[in-house]
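1. Whatever this is, show me its structure:
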Amino acid sequence: MTALEALCVQRGLRLTEHRRIVLEVLEASDDHPCVREIHRRATNGHRIGIATVYRTLNTLVEAGMVKRQVFPDGKAHYERAGRPSHPHLIDVATGAIVEIDDADLQPLLEEEAQRLGYRLVEYSLTLFARSER
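-> Model prediction:
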């Protein structure tokens, strides 16, 4: 049993061909693709409609296998769940989404939460910037 199959079984889902395709696209992504981009990547060698991609993503989000985030471009962007929380930098000129290495930042956030009497369980941080290049 593959990791994807095991995760589907754990979440009470059958691993259909379409779910496998969408999860594989997200697993191979190093960005945060929107539905149309996931569809474009998924149709490389497969037959899958855009409506099927929407339904599949909704099912996977509800099952906790995929995270959906809406960035300032107004589009929902997706990534496989289970990855640690990480901040994003949004280029306000281009809309590009850049993941930030938070190795130094996370301990500071945990320390601040603890100082306030909390234990940090997850966080979301979005930075907006303009390139100086």
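
2. As a check, name the ranges of all strands in this structure.
-> For the chain, applying DSSP state E gives strands covering 66-70, 76-80, 88-91, 97-99, 126-129.

3. Quick one: closest of the ones you listed to Pro33.
-> The closest of the strands of the chain to Pro33 is strand 76-80. By C-beta to C-beta, the value is 6.3 Å. Any C-beta I mention is one placed from the backbone N, CA and C, and that applies to glycine too.

4. State the mean pLDDT of that closest one.
-> Computed over strand 76-80, the mean pLDDT rounds to 88.

5. One more: stretch 16-24?
-> For stretch 16-24, mean pLDDT rounds to 88.

6. hang on, the earlier thing: let me know which of the strands of the chain is tucked in deepest.
-> Mean neighbours per residue, mean count of other C-beta atoms under 10 Å, is largest over the strands of the chain for strand 76-80, with a mean of 20.

7. So what touches that one?
-> 23, 26-27, 29, 32-35, 38, 57, 61, 65-71, 97 (C-beta atoms under 8 Å, 6 or more residues apart in numbering).

8. Domain-wise, how is this protein divided?
-> The chain resolves into domains spanning 3-80, 88-129 when parsed by automatic domain parsing.

9. starting at the chain centroid, how far to the last one?
-> From the chain centre to the centre of domain 88-129 is a distance of 15 Å (C-alpha atoms, centre = their mean, to the nearest Å).

10. do the first one as well
-> Between the centre of domain 3-80 and the centre of its host chain there is 9 Å, according to C-alpha atoms, centre = their mean.

11. Any idea how many residues pack against Leu120?
-> Counted with other C-beta atoms under 10 Å, the neighbours of Leu120 add up to 15.
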